[in-house]
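1. Show me how the following folds:
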Amino acid sequence: RASRKPERRNEADGMKHIVAFGTFDTKGSEYKFLKECMERQFDGEIITVDIASLPHEPPFSPTIDNITVAARGGYTKDDLYAADRLGGVEIMIKSLKLVLKDLYDAGQMDGLIALGGGAGTIMGLEAMKTLPSGFPKVMVSTIATSAKIGAYVEGNDILVMNSIVDISGVNRISRSVFRIAAGAVVGAVQAMSEHDTDSHKPCVAATMYGNTTEGVTAAKEWLEEHGYEVLVFHANGGGGRTMEKLIRAGKIDGVLDLTTTEWADNMCDGSACKGGPERLSAAAQCGVPQVVAPGALDQVNYGNRESIPAKYADHIVYGEGRSCLMRTNEDENRRMGEAIGEKLNGCVAPCVFVFPNKGYSKLDIEDGPFWLPEADRAFHDSFLHTLTNPLVTVEEYDMHINDHAFGILAAMKLHALITGREEA
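-> As a prediction, this is how the structure comes out:
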């Protein structure tokens, strides 16, 4: 079982510190202005870190110059300046991560901000991703609206701010952007000074989706009443992947995975909610107690009817416009039963799988548009046939997944796994 990792190290001197890093050869004047904006709002120290890979004279003296940064990664000045553009970027990314770790560990970094174009944004996000959630991170970027930014920030609480114009000079637009960005990181650092009174509670990760909301909410409320902090992840692909990442990071004490719908999108190449092949792996492999249900496995998300592949022409489809759902059939449910059964065969700690035999979602209910008992039975039988791990207990209830009582039972089962005792 992964142990909970400490969130913060001891403060070095009681003073707050904000680190601003970037390429001071091409964006030195912009960083000078940003630094001045922060100094007017912040009574701590602004630490500037130059990560330029070419020889230059910055418009102000950085706290840590680019040669010192490179040296932290084991590179000389000659190594840095002899490298081509890509090689120089790789040197600085590797070295910057070490510099930021040193500052963080020494208690000399309480917030982080950077400005970047294309390459600068990628360098900035790569560095920021190494810091824990809850640590203030602001990235002002010319490519903030680019589709590829989502993949970089998924699972991270990095604030990416659109620069509107290119980061090339200080002008009437960029001045406003930089002032707001300075206020954002300063305000975040000040807000983090407040004591989090709930941080001592055991932490449960739960999955939810529009069509499983009622059952998951009932479970969440019961757990909160019994002293847990519950983090709810929207089962939209990115939500499930983020939950898996936090479990592996040792931040989760128990998992209430009642909404496994991302496996339906995996199986049928849905366009919105694919959780990826690692979905349902982290808790099993890390020994984190979990309660799992087949929540919304009856449905696959697509952007519209036209985006559904032709091979699914015989499937039931619900919804119009920009979002529609496709009902999974018997064969797909059989294959999902095999896939999820194999995932839980990897459990190294006790797990409970709960079947709500009156339906897996708001649509999968008697007389509902996705009511197809034979498909649900195909999942049920396939899962039981595949499951061989004695650490996984299977329980069945003559309830619907959104029944209040089902949510309470699932919560009680998880509580029993975490505490080692049943709730009266």
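
2. per-residue pLDDT, Glu7?
-> Glu7 carries a pLDDT value of 47.

3. and the residue nearest the centre of the chain, what does it touch?
-> Against the mean C-alpha coordinate of the chain, by C-alpha atoms, centre = their mean, the closest residue is Gly155 at 2.0 Å. By C-beta atoms under 8 Å, 6 or more residues apart in numbering, the contact set of Gly155 is 238, 241-242, 245-246. The way it works is simple: take the backbone N, C-alpha and C, and place the C-beta from them, glycine included.

4. Assumed it was part of a helix.
-> No. Counting by DSSP: H, G, I helix; E, B strand; the rest coil, Gly155 falls outside a helix, being coil.

5. now it: how far from Ser168?
-> For Gly155, the distance to Ser168 (C-beta to C-beta, to the nearest Å) stands at 31 Å.

6. cool, and Tyr360?
-> Distance of Tyr360 to Ser168, computed by C-beta to C-beta: 53 Å.

7. and the two? which has more neighbours close in?
-> A direct count of neighbours by other C-beta atoms under 10 Å for Tyr360 and Ser168 places Tyr360 higher, at 33 against 14.

8. That one sits in which helix or strand?
-> Secondary structure assigned from DSSP states H and E places Tyr360 in neither a helix nor a strand.

9. isn't it right up against Pro294?
-> Yes. Contact criterion C-beta atoms under 8 Å: Tyr360 and Pro294 qualify, at 5.0 Å.

10. Common neighbours of the two, please.
-> 376, 401.

11. Using PDB, write down the CA coordinates of stretch 150-158.
-> Provided in PDB are the C-alpha atoms of stretch 150-158 (Å, rounded to 0.1, in the frame of the first residue of the first chain):
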ATOM      1  CA  GLY A 150      -5.000  19.800 -22.300                       C
ATOM      2  CA  ALA A 151      -2.700  16.800 -22.400                       C
ATOM      3  CA  TYR A 152       0.000  18.700 -20.600                       C
ATOM      4  CA  VAL A 153      -2.100  20.000 -17.700                       C
ATOM      5  CA  GLU A 154      -4.400  17.000 -17.300                       C
ATOM      6  CA  GLY A 155      -4.200  15.800 -13.700                       C
ATOM      7  CA  ASN A 156      -2.400  19.000 -12.600                       C
ATOM      8  CA  ASP A 157      -3.800  22.200 -11.100                       C
ATOM      9  CA  ILE A 158      -1.700  24.500 -13.300                       C
END
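
12. In the stretch 151-300 of the chain, what residue spans correspond to helices?
-> 172-191, 213-225, 238-248, 262-268, 282-286 (DSSP state H, counting those that start in this stretch).

13. buried set for the third one?
-> Residues of helix 238-248 classed as buried under the neighbour-count rule (16 or more other C-beta atoms under 10 Å) are 238-248.

14. Counting by contacts, list what it packs against.
-> If you count contacts as 3 or more C-beta pairs under 8 Å, 6 or more residues apart in numbering; DSSP states H and E, helix 238-248 packs onto strand 203-208, strand 229-234, helix 282-286.
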